[in-house]
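Peer 1: Mind folding the following:
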Amino acid sequence: MFTIVKLNAINSTNSYLKEWSKEKELSHATVVVAKKQTLGRGEMGSEWLSESGKNLTFSILFRFSNFSISNQFYLNCAVSLSLYDSLLPIIGKNLTIKWPNDIMSANKKLGGILIENTVKSGFIKQSVIGIGLNVNQVHFPDSLPNAASLRLASNKIYDLDGLLQSILEAVKKRFNQLKRGEFRALNNAYQKVLYRRNVVSKFSDGKHIFNGKIIAVLTDGRLQIELENKELQIFSLKEIKYIF
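Peer 2: The predicted model follows:
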């Protein structure tokens, strides 16, 4: 199913794959893997820092024929759950998905996902899915106090190629669910492993710090939080963040 292209160094696998797809008719499920990214990107324009040759940084190109933009939340579920499925045997019960798609081991971040869609007439025609996973790296800069890796979590060194194949197999299974329209199953699986769901946590909306607990992620991707006074509020990605 997957066509894998390996590169030594690139600015960003997402950027590379997007530009390449404009120049050439790439096959469905093309994967670009880089040993090193010089300008890796995360959600909301954040920088993704990764030690060369120690981690997995790759992007997958998917094309869709009839996938409504209104269902993009389920695309996020499928990708997030793919990582969760492949890492669960390694990490165990401490593994969760932090809204919208960070992969957590306890309170430490193992990896993140960046999905960039090409939309036409209300339908997603193409998705470039970037995945960054900390695997064998053991030292992280002070600017990333919540970063962790599979090695730190399990005290084992991992074969990157083998791990990539495991993740891609999980992606294949979850995307088959997506193609079959099994949205409820994807939603239920995602909500079940959501980081700190129904647990009182500290948040910031940019103006105030407050306590609340996540009730659910709505099907439009927004976060539903119950405040201390039992009031329910809904937040989009740019409106709220965790305070650790």
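
Peer 1: what residue is smack in the middle of this structure?
Peer 2: Geometric centre of the chain, nearest residue: Ile113, 2.8 Å, by C-alpha atoms, centre = their mean.

Peer 1: Quick check: bridge partners of that one?
Peer 2: Counting by DSSP bridges, Ile113 forms beta bridges with Ile131.

Peer 1: how near is it to Val5?
Peer 2: Distance, Ile113 to Val5, using C-beta to C-beta, to the nearest Å: 20 Å. The C-beta positions use only the backbone N, C-alpha and C, and glycine is treated the same way.

Peer 1: What ranges does this protein have for its strands?
Peer 2: For the chain, strands defined by DSSP state E occupy the ranges 3-10, 30-37, 56-68, 95-98, 102-105, 108-120, 123-133, 200-204, 209-217, 223-227, 232-235, 241-242.

Peer 1: how about the CA coordinates for the fourth one, as PDB?
Peer 2: Written as PDB, here are the backbone C-alpha positions of strand 95-98 (Å, rounded to 0.1, in the frame of the first residue of the first chain):
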ATOM      1  CA  LEU A  95      -0.500   5.900  26.800                       C
ATOM      2  CA  THR A  96      -3.100   8.500  25.900                       C
ATOM      3  CA  ILE A  97      -4.000  11.100  23.200                       C
ATOM      4  CA  LYS A  98      -3.900  14.700  24.300                       C
END
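
Peer 1: circling back to that earlier point, the residue nearest to the centre of the chain and Tyr84 touch, don't they?
Peer 2: No - counting by C-beta atoms under 8 Å, Ile113 sits too far from Tyr84 to count as a contact (10.9 Å).

Peer 1: so what sits against both of these two?
Peer 2: With contacts defined as C-beta atoms under 8 Å, 6 or more residues apart in numbering, the residues shared by Ile113 and Tyr84 are Ile103.

Peer 1: number of nearby residues for the closest residue to Asn136 other than its chain neighbours?
Peer 2: Closest residue to Asn136 apart from its sequence neighbours, by C-beta to C-beta, 6 or more residues apart in numbering: Lys54 at 4.5 Å. Neighbours of Lys54 under the rule other C-beta atoms under 10 Å: 19.

Peer 1: From Phe64, how far out is Lys54?
Peer 2: Lys54 is 33 Å from Phe64, where distance means C-beta to C-beta.

Peer 1: Identify the bridge partners of Ser204.
Peer 2: Residues in beta-bridge contact with Ser204 (DSSP bridges): Ile209, Lys241.
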